[in-house]
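Undergrad: Take a look and give me a structure for this.
(chains A and B)
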2 protein chains.
Amino acid sequence: MDSIKIFSPATVANVSCGFDVLGFCLDSVGDEMVIKKTSSKGITISKIEGYDLPLETKKNVAGVAGLAILEAANVNFGFDVEIYKHIKPGSGVGSSSASASGVVYAINELLGKPFNKTQLTAFAMKGEAVASGNEHADNIAPGLFGGFTLVKSLEPLEILELPTPTDLYATIVHPQIEVKTSEARAILPKHIQFKDGITQWANVGSLVHGLHTSDYDLISRSLQDVIVEPHRKQLIPQFDVAKASAMQSGALGVGISGSGPSIFALSKGETTANQVAEAFENVYKNTTIDFKVYVSKINPNGIKTLS
Amino acid sequence: MDSIKIFSPATVANVSCGFDVLGFCLDSVGDEMVIKKTSSKGITISKIEGYDLPLETKKNVAGVAGLAILEAANVNFGFDVEIYKHIKPGSGVGSSSASASGVVYAINELLGKPFNKTQLTAFAMKGEAVASGNEHADNIAPGLFGGFTLVKSLEPLEILELPTPTDLYATIVHPQIEVKTSEARAILPKHIQFKDGITQWANVGSLVHGLHTSDYDLISRSLQDVIVEPHRKQLIPQFDVAKASAMQSGALGVGISGSGPSIFALSKGETTANQVAEAFENVYKNTTIDFKVYVSKINPNGIKTLS
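TA: Numbers count the residues shown, from 1 in each chain, chains lettered A, B, ... in the order given. Below is the predicted model:
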């Protein structure tokens, strides 16, 4: 096999209480990529459709991630990458991560799967660092592993695959404003109250327990973020209104996706997830902000081969 | 049934990363209590053997806890309590909690079980407050529910029963020095570093996942406390040496039990737990500190009726 076409889905990181550690994978939105073996060494990016991103290998997250896996594989050939981008950069649902994860998944398939998913995560993190300035795994892990993931630690890199209750759906609203990652980061405190830490880790423990027991009510009660959301929500117009409206429509929980501006809701069942979508729409259609809303089953498998 | 004899076990709270929320129940050490229905209202404590504790109802944790359940039950009779205390007060394995939990469990049995375990926890917390100055549930919950418990929140009170891997054993060493709860509390900071909080909730999530999947290696890697232990370990002579020695003997993890001075270790299998006991003994027998060491299976059932 010298060529592969893949689907690399959008992902949600910083799931409420699980800042920096918990993420999940979406199903209905993602990029497509075509990766072809080339006789020349290295990575070329011959085409990017959808959004204006650098074709130069070392400036492109997919390029840098591709180089990382190539270096480890130590082969005397290379790959060409075409990216058909559907996830808008800067939307907060892992756009750069989808490119980075997609390319390492694809190259690993073409090489005959010499690397495991944790190794692939490490390669993709090299690419992610191009976009975000530092290596993190919270969007990459759910893309490569699927379902809910917990980044237990970065050094050593350890990713846990958590169970995904079958009836769990996400609704995403992307208010199309710019939230600079640097600003979203600068707004966070260096220190937190001890008591808030305790609340947060009680909720993380409960959420993991709720995922294991498919206890949707417990999942709902655990989707609380007393630390990051109070700071970051001010960067997202109408956040409180959208959250309240989604909760009233039956959502289990609502939070900021990644560092925003997208907002995610989790619901039991597609019907409720669609009602939540309507609630989000009703909030933002009365503003001057462009927005997109989509509903997705939690994707248990992550990136997939299309052909 | 007008009389009951029960066994109320020792418990470990503040399990490493799970400060204030995670606890587990021991099997081999605990108090015995005999509770008898009386025609007069209220609670009397007619006997306490083992340690010198107040017989006056309102000054005794069991007395106050008993009054709390009696008030809710609204009956026109009362109970007499005999306490055969084997858990030394101030040892850090839930001595006061065992008395408080034991009496509410026993009275609930004699009343025909009108209350659920969460309600019993709330009654026992009233008693615990007599000893510790504020209501907390981290020792009461594992005593009443058994196994590993997670106190998700105090308001509203919500306790989660976590699964207990069948081959998990605890080793406890109790260096018989006094650690004042007030001092153990005063030594904790009001604020913690955000990055330490993230490490802690990643570990809590991993530990819960490890308990669900009986992944002993993951349990081991998750039994890390980067927040409380660094402060409190200085209150316990030889803590670092004892911990290192237990880990070398095969323990999965070692931490401070409650607010100390007892130290707990968790191990896979009784053989390893016994080796860890020997390691603890070897550390403390070379000091002038009196100590006790015991090994216990994690008790999945909690308080039990003896007759």
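Undergrad: ok, A:D215 to chain B distance?
TA: 9 Å (C-beta to the nearest C-beta, to the nearest Å). (C-beta placed from N, C-alpha, C; glycine too.)
Undergrad: Find the nearest non-adjacent residue to that residue, please.
TA: Setting aside the residues directly before and after it, A:D215 is nearest to A:H209 in space (C-beta to C-beta, 6 or more residues apart in numbering or on different chains), at 7.5 Å.
Undergrad: wait, is that neighbour part of a strand?
TA: No: A:H209: not assigned to a strand; according to DSSP: H, G, I helix; E, B strand; the rest coil it is helix.
Undergrad: was I right about it contacting A:L218?
TA: Yes: if you go by C-beta atoms under 8 Å, A:H209 and A:L218 touch, sitting 6.7 Å apart.
Undergrad: Need the overlap of contacts for the two.
TA: B:L160 (C-beta atoms under 8 Å, 6 or more residues apart in numbering or on different chains).
Undergrad: Could you count how many residues lie near the residue nearest to A:D215?
TA: 24 (other C-beta atoms under 10 Å in any protein chain shown).
Undergrad: and the stretch 151-300 of chain A, which residues reach chain B?
TA: The stretch 151-300 of chain A has residues A:151-153, A:158, A:160, A:162, A:188-194, A:197-209, A:212, A:218, A:221-222, A:227 near chain B, with proximity defined as C-beta under 8 Å from any C-beta of the partner chain.
Undergrad: State the helix or strand in which A:V241 lies.
TA: Assessed by DSSP states H and E, A:V241 sits inside helix A:239-248.
Undergrad: And the contacts of the next helix or strand after that helix?
TA: Counting by DSSP H and E, the next helix or strand C-terminal to helix A:239-248 is strand A:253-256. Outside of strand A:253-256, the residues within contact range by C-beta under 8 Å, 6+ apart are A:14-16, A:92, A:219-220, A:222-225, A:228-229, A:232-233, A:236, A:239, A:242-243, A:246-247, A:262-266.
Undergrad: make it 6 Å
TA: A:16, A:220, A:223, A:225, A:229, A:232, A:243, A:246, A:265-266 (C-beta atoms under 6 Å, 6 or more residues apart in numbering or on different chains).
Undergrad: Save those residues as TSV, and put in secondary structure, pLDDT and neighbour count too.
TA: Output for those, formatted as TSV (DSSP: H, G, I helix; E, B strand; the rest coil; pLDDT from 0 to 100; neighbours: other C-beta atoms under 10 Å in any protein chain shown):
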residue	secondary structure	pLDDT	neighbour count
A:S16	helix	97	25
A:S220	helix	98	19
A:L223	coil	98	23
A:D225	coil	98	24
A:E229	helix	97	20
A:R232	helix	96	24
A:K243	helix	98	23
A:A246	helix	98	29
A:A265	strand	98	30
A:L266	strand	98	27
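Undergrad: Looking at those residues, which two lie furthest apart in space?
TA: Across those, no pair lies farther apart than A:S220 and A:R232, at 21.1 Å, counting by C-beta to C-beta.
Undergrad: residues in contact with the host helix or strand of A:T149?
TA: Taking DSSP H and E as the definition, one finds A:T149 inside strand A:148-154. Residues from elsewhere that reach strand A:148-154, judged by C-beta under 6 Å, 6+ apart: A:21-24, A:137-138, A:141-142, A:158-160, A:162, A:164, A:211, B:202, B:205-206.
Undergrad: angle of the helix or strand just after it against strand A:148-154?
TA: Moving toward the C-terminus from strand A:148-154, the next helix or strand (DSSP H and E) is strand A:157-162. For strand A:157-162 against strand A:148-154, the angle by axes from the mean of the first three to the mean of the last three C-alpha atoms, to 10 degrees is 160 degrees.
Undergrad: could you give the mean pLDDT of whichever helix or strand comes after strand A:157-162?
TA: Using DSSP H and E, the helix or strand that follows strand A:157-162 in sequence is strand A:168-175. Strand A:168-175 shows a mean pLDDT of 98.
Undergrad: Can I get the following helix or strand past strand A:168-175 in CSV, CA atoms only?
TA: Where DSSP H and E defines the elements, the next helix or strand beyond strand A:168-175 is helix A:181-186. Output in CSV follows, covering the C-alpha atoms of helix A:181-186 (Å, rounded to 0.1, in the frame of the first residue of the first chain):
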residue,chain,number,x,y,z
THR,A,181,-4.4,30.8,22.8
SER,A,182,-1.9,33.2,24.4
GLU,A,183,-4.7,35.3,25.9
ALA,A,184,-6.6,32.2,27.1
ARG,A,185,-3.4,31.0,28.8
ALA,A,186,-2.5,34.4,30.3
